[in-house]
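Q: build me a model:
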Amino acid sequence: MINKLRIISFVVVGLLTVSVPLFAHHGNASYDATKTVTVKGTVTDYVWRNPHVFVKLDAKDGGGNTVHWIVEAQNPVSMTQIGWSKDTFKPGDEVEIDAMPAQNGNPIGFLGNASPTAPRKRIVINGKQFQP
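A: The predicted structure follows:
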């Protein structure tokens, strides 16, 4: 009986140890939740797959140079719940997306929580406000 309890305890501790990195992955500490950046540019790619959806776009900086931005969203299931689909963005679309900027200043943004009750970020596609 004691051996069985030891084995079960070992297995539980092992599973908990392996699962800790999974929780760390889903943090948003790399983004500044107190700020919003508006990224305005042309969609170059739209990645609709797990674990996250990405909108890649080319924008211009203050000097007129092209900057390759990546805007990260939640997983496809969560994004579907708020009206997105695999066809929401297409390469060539002109967009304006409000997102949380990366803490380190890299051209990466995050849309935040995809819960249907969470506040929405402003998204304009080809001059029209996105309304799911």
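Q: so residue 51 touches residue 77, yeah?
A: No - assessed by C-beta atoms under 8 Å, residue 51 is found out of contact with residue 77, at 10.6 Å. To be clear about C-beta, it is placed using only N, CA and C from the backbone, and glycine gets the same treatment.
Q: contacting residues for the nearest residue to residue 56 once chain neighbours are set aside?
A: Closest residue to residue 56 apart from its sequence neighbours, by C-beta to C-beta, 6 or more residues apart in numbering: residue 45 at 4.1 Å. With contacts defined as C-beta atoms under 8 Å, 6 or more residues apart in numbering, residue 45 is in contact with 54-56, 91.
Q: one more: residue 78?
A: Per C-beta under 8 Å, 6+ apart, neighbours of residue 78: 114-115.
Q: which SS class is it?
A: helix (DSSP: H, G, I helix; E, B strand; the rest coil).
Q: for residue 113, see how far away it is.
A: Distance of residue 78 to residue 113, computed by C-beta to C-beta, to the nearest Å: 9 Å.
Q: what about the longest strand seen in the chain, average pLDDT?
A: Ordering each strand of the chain by length in residues (DSSP state E) puts strand 37-48 first. Mean pLDDT, strand 37-48: 97.
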